[in-house]
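Asks: I would like the atomic coordinates for the input below:
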Amino acid sequence: MAFAFAKISFTPDVQAVQAEMGSRAGYRSAELGVVEEVLLGASEKTFITERDSFYQATVSQTGWPYVQHRGGSVGLLKVLDDSTIGYADFSGNRQYISVGNLRGDDRVSLLLMDYPQRRRLKIWGRARAVDERSEPELLAKLESPDDRSPVERGIVIRVEAFDWNCPKYITPRYSQDEVEALLDQIRQQQPAVINRHSFGVLGVGELPLKIVGIRQLTSHIRAYEFRHANGGLLPTYRAGSHLQMPIALPDGRVTSRSYSLTDVADQPNQYRIAVLRVDDGDGGSSALHDGWQIGMRLNVDAPNNYFSLHADSRSALMIAGGIGITPIQAMAQELNARGGHFELHYVGRTKEEMAFVDDLRRNFPEQCHFYFSQAPKPTRLDVSLLLESTSADTVIYVCGPARLIDAVRQAARKFGIADERVQSESFV
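Replies: Residues are numbered from 1 along each chain as shown. Take a look at the predicted model:
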């Protein structure tokens with residue numbers, strides 16, 4: 001929702017500060033074009049209905065903003081259709097500040113938080129109050145069977161923009177139910193598995209890392225964040241680098257797998273990888289998902305790079321399939337930081353199964369193109385058409401399943417593109 005979000009948020013004063021701080025050029029592209037129809041997608045709808053609280057801002061007649069916390073049972077905020085949400089307004093302290101503000105100005109801004117997974121969704125909209133006398137059927141849709149408090153009215157919000165925010169500076173917090181669920185998982189594990197995964201040290205490398213964060217990016221992909229176990233700085237690396245990570249298998253053996261670093265930094269104090277769980281694979285990724293926990297220590301070697309990015313000013317054409325986005329995202333960050341020209345084409349089955357889609361759309365709105373083969377309206381990448389229009393000196397990077405790499409290499413040979421201009425890394 002880049003256009004709608006930018007039209008509302010990037011006022012002249014905001015644009016002036018962006019220019020002063022050097023971020024104006026990166027955000028200007030979000031303002032170009034016509035504001036599209038704002039529709040909530042499947043990921044937004046799921047996120048909204050899974051919340052048990054949110055923050056709502058309204059504007060008073062004096063111009064002062066008023067922020068209120070709304071809490072209740074899971075699902076208190078209802079999705080009514082693709083562009084409308086609402087909630088039941090219970091009897092409280094009877095100050096009626098938010099309701100009163102809405103009589104003079106129907107604009108609202110909502111902030112929805114998922115603290116354990118460090119995710120947040122911002123929503124802008126226009127709100128109206130409904131009651132049992134005027135719209136009883138609509139009010140009934142907003143009520144929750146788990147809430148026994150008296151409902152005074154309903155608040156219905158027409159969504160005019162939304163934006164996913166980055167996880168930076170979100171401190172993970174857990175509700176009592178979430179803590180109990182985590183404890184139940186631990187209690188159900190075998191003691192040997194708990195001892196080996198929770199308190200042991202895996203690996204024999206010279207670089208001691210500690211897991212400091214775990215985020216669920218999709219239903220099958222988790223991001224893992226590491227810091228130096230002793231508090232020091234981490235070795236630097238270039239985009240395309242990977243870590244060889246130790247994994248304890250259920251039978252007690254320790255194996256290792258390579259995982260690409262998903263971000264770049266000149267002086268990194270944190271490493272990040274993303275791991276797709278493949279339950280019908282060789283067992284490495286599922287053992288990692290089941291065994292790795294926050295606080296766990298891993299001894300690894302420094303990052304290595306067999307998929308390095310060119311250092312000159314040539315353009316880059318990057319193609320990622322599925323979890324193959326991990327090194328490609330880092331390449332996009334490095335190219336963007338040095339002012340390089342690039343295109344990124346990212347293919348997968350559905351948006352919900354693909355990591356980093358929202359981040360890429362926000363950070364590189366002009367360079368990124370997405371293809372969803374199993375969406376209601378499928379889109380597919382035509383590799384031949386893409387390579388046919390590629391300039392003579394563009395370097396091509398492809399990462400993903402073998403069939404995608406084969407398709408790119410076959411198309412490159414068809415159009416006389418030299419093999420050394422096609423760099424690849426295979427993922428399962």
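Asks: mean confidence for the one helix or strand Ser424 maps to?
Replies: Assignment of secondary structure by DSSP states H and E places Ser424 within strand 422-426. Averaging pLDDT along strand 422-426 yields 89.
Asks: mind listing what it pairs with, with the direction of each?
Replies: strand 395-400 (parallel) (DSSP bridges).
Asks: separation between the residue lying closest to Gln18 once chain neighbours are set aside and Lys45?
Replies: Among residues not flanking Gln18 along the chain, Arg24 sits closest, at 4.1 Å (C-beta to C-beta, 6 or more residues apart in numbering). Yep, even glycine has a C-beta here, placed from its N, CA and C like the rest. Taking C-beta to C-beta, to the nearest Å as the measure, Arg24 falls 33 Å from Lys45.
Asks: cool, and Ser109?
Replies: 19 Å.
Asks: ok, now Arg118?
Replies: 20 Å.
Asks: with Gly291 instead?
Replies: From Gly291 to Lys45 the distance is 32 Å (C-beta to C-beta).
Asks: the two: who's more crowded?
Replies: Counted by other C-beta atoms under 10 Å, Gly291 and Lys45 do not tie: Gly291 has more neighbours, with 20 against 14.
Asks: surely that one meets Gly252?
Replies: No: contact criterion C-beta atoms under 8 Å: Gly291 and Gly252 do not qualify, at 11.8 Å.
Asks: pick out the residue nearest the middle of this structure.
Replies: In the chain, the centroid-proximal residue (C-alpha atoms, centre = their mean) is Phe356; its distance is 4.7 Å.
Asks: I'd guessed it sits against Ala330; true?
Replies: No: contact status for Phe356 versus Ala330: not in contact, 10.5 Å apart, counting by C-beta under 8 Å.
Asks: common neighbours of those two, please.
Replies: Common neighbours of Phe356 and Ala330, counting by C-beta atoms under 8 Å, 6 or more residues apart in numbering, are Thr262.
Asks: element containing Trp124, please.
Replies: strand 119-130.
Asks: who's in contact with that strand?
Replies: Defining contact as C-beta under 8 Å, 6+ apart, one finds that strand 119-130 is touched by 4-5, 8-9, 44, 47-48, 85, 89, 99, 102, 106-114, 138-139, 153-165, 167, 170, 215.
Asks: 6 Å instead, please
Replies: The contact list for strand 119-130 (C-beta atoms under 6 Å, 6 or more residues apart in numbering) reads 8, 47, 102, 106, 108-113, 138-139, 153-165.
Asks: what segments of the stretch 101-250 of the chain are helices?
Replies: Secondary structure of the stretch 101-250 of the chain (DSSP state H, counting those that start in this stretch): helices located at 136-142, 176-188, 191-194.
Asks: turn those into JSON lines, columns for mean neighbour count, distance to Val264 and mean pLDDT.
Replies: Listed next are those as JSON lines, based on neighbours: other C-beta atoms under 10 Å; distance: least, C-beta to C-beta, whole Å; pLDDT from 0 to 100:
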{"stretch": "helix 136-142", "mean neighbour count": "15", "distance to Val264": "45", "mean pLDDT": "90"}
{"stretch": "helix 176-188", "mean neighbour count": "10", "distance to Val264": "32", "mean pLDDT": "79"}
{"stretch": "helix 191-194", "mean neighbour count": "12", "distance to Val264": "35", "mean pLDDT": "44"}
